[in-house]
Each structure stands twice: as structure tokens, then as C-alpha cells.
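Q: Fold the stuff below for me.
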Amino acid sequence: MHANGIRMEHTSEVVAEGRLIGVESYPQRAERWTEIEVSGMLPYSADTPIELAAKIDFFDPHLGIVHEVKKSVAKEQAHIAQVQFYLYVLRLNGIKAEYGLIEYPKLRITERVSLTTDDQQQLESQIRKAHALVQQETCPERLPVSQCRSCSFFEFCWVGEE
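A: From the prediction side, this is the model:
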């Protein structure tokens with residue numbers, strides 16, 4: 001749905017809570033850094049690039065540091081992949097993107113994320129797989145409801161089915 005322009009983040013209480021935690025945990029940032037949107041193109045075939053887009057919580061352009069705030073009480077591989085994707089899209093645009101910091105205010109920890117050549121190759125492979133999935137004629141099966149509760153598309157996919 002996201003690939004077809006259907007966005008649900010504006011209706012998600014989970015997304016709103018995450019933004020509030022970021023603002024309350026780091027109030028001084030609003031004066032120095034802002035949320036940014038950036039896009040880029042990954043070659044897919046000779047004539048079909050894959051359009052990429054990212055919305056980054058905070059970016060320090062002087063130091064080239066991506067900041068991502070998570071409301072989670074657990075670190076997840078998906079958080080690292082998200083920041084690596086942001087670094088990748090910034091670099092596609094020729095923007096200095098040295099590394100990322102994932103900040104977990106509830107855990108009071110910060111994790112540094114880099115993007116190596118191997119990470120980039122793996123990321124490009126994952127993007128191409130996701131693109132192939134989006135191009136299919138039919139939708140894939142839904143994930144189990146237990147994996148979907150915090151997704152901004154939850155109500156769209158599971159309304160009336162719980």
C-alpha cells in the first residue's frame with residue numbers, strides 16, 4: 001500500500017506517540033535540526049529504476065549524522081535497517097551521511113549504526129526483493145495479527161477481524 005501512495009501514519013496513535021516521545025525527550029533539537037524528506041533512484045533494470053523515499057526524524061548536515069528516535073523498549077534489527085536505508089538514500093543524493101544514531105529514550109541508550117559496502121549490497125538486494133513483491137498481480141498473505149498491532153496499517157488490514 002505504501003508503494004502505491006497509501007499512507008496511514010497520520011491516523012496511527014503509535015506513530016503519534018513516537019513523535020511525542022522524540023519531541024519531549026529532545027526538546028532542544030527543534031531549534032537546530034528538522035525532520036527531512038529525501039528521495040532517490042536505485043537502478044532495477046536497464047530502463048526501470050526503483051524510486052526510494054525516506055522521512056528522517058533529525059539530520060545533522062554538518063556532521064552527517066542521522067538521528068532516529070524509537071519509543072520501543074527493545075532494540076530491533078528493523079531499527080538498524082531503517083537507519084541504514086536513510087544513510088543509503090542520503091548518499092545516493094551525494095549528501096554526506098557518516099553514520100546514524102538510534103536513540104531509545106525509554107531504555108536510556110543510543111546505538112551507533114554504520115553502512116558498510118556489504119550492508120549496502122544487502123540493502124539493495126532487499127529493496128529489489130520488495131520491489132518485485134510490489135509488482136506482483138496479487139497481494140501477499142497477511143502476517144499474523146500478533147506481528148501487526150503496532151503497524152500504522154493495522155486497522156486497514158484487520159478491521160472487524162479480531
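
Q: Okay, helices next: where are they in the chain?
A: For the chain, the helices defined by DSSP state H occupy 13-25, 29-32, 77-92, 117-134, 154-158.

Q: Mind checking which residue lies nearest the centre of this structure?
A: Within the chain, the residue whose C-alpha comes closest to the C-alpha centroid is Gln82; the distance, by CA atoms, centre = their mean, is 4.1 Å.

Q: ok, now which ones touch that residue?
A: By CB atoms under 8 Å, 6 or more residues apart in numbering, Gln82 lies in contact with Glu68. All C-beta atoms are positioned from the backbone trio N, CA, C, and that covers glycine.

Q: And the pLDDT for it?
A: Per-residue confidence (pLDDT) for Gln82: 94.

Q: gap between it and Glu35?
A: Between Gln82 and Glu35 the distance is 14 Å, computed by CB to CB, to the nearest Å.

Q: And Ser125, by the same measure?
A: When CB to CB is the yardstick, Ser125 and Glu35 sit 28 Å from each other.

Q: now do Lys106
A: Look at Lys106 and Glu35: by CB to CB, they are 20 Å apart.

Q: ok, now which ones touch the closest residue in space to Leu115 that isn't next to it in sequence?
A: Residue nearest to Leu115 in three dimensions, not counting chain neighbours: Leu87, with 4.3 Å by CB to CB, 6 or more residues apart in numbering. With contact taken as CB under 8 Å, 6+ apart, Leu87 is in contact with 66, 97, 99-100, 113-115.

Q: picking up where we left off before, of Ser125 and Glu35, who's got more company?
A: Summary of the neighbour comparison: Ser125 and Glu35, criterion other CB atoms under 10 Å, with Glu35 having more neighbours (13 against 10).

Q: Quick check: closest non-adjacent residue to that one.
A: With sequence-adjacent residues excluded and distances taken as CB to CB, 6+ apart, Glu35 is closest to Asp57, at 5.9 Å.
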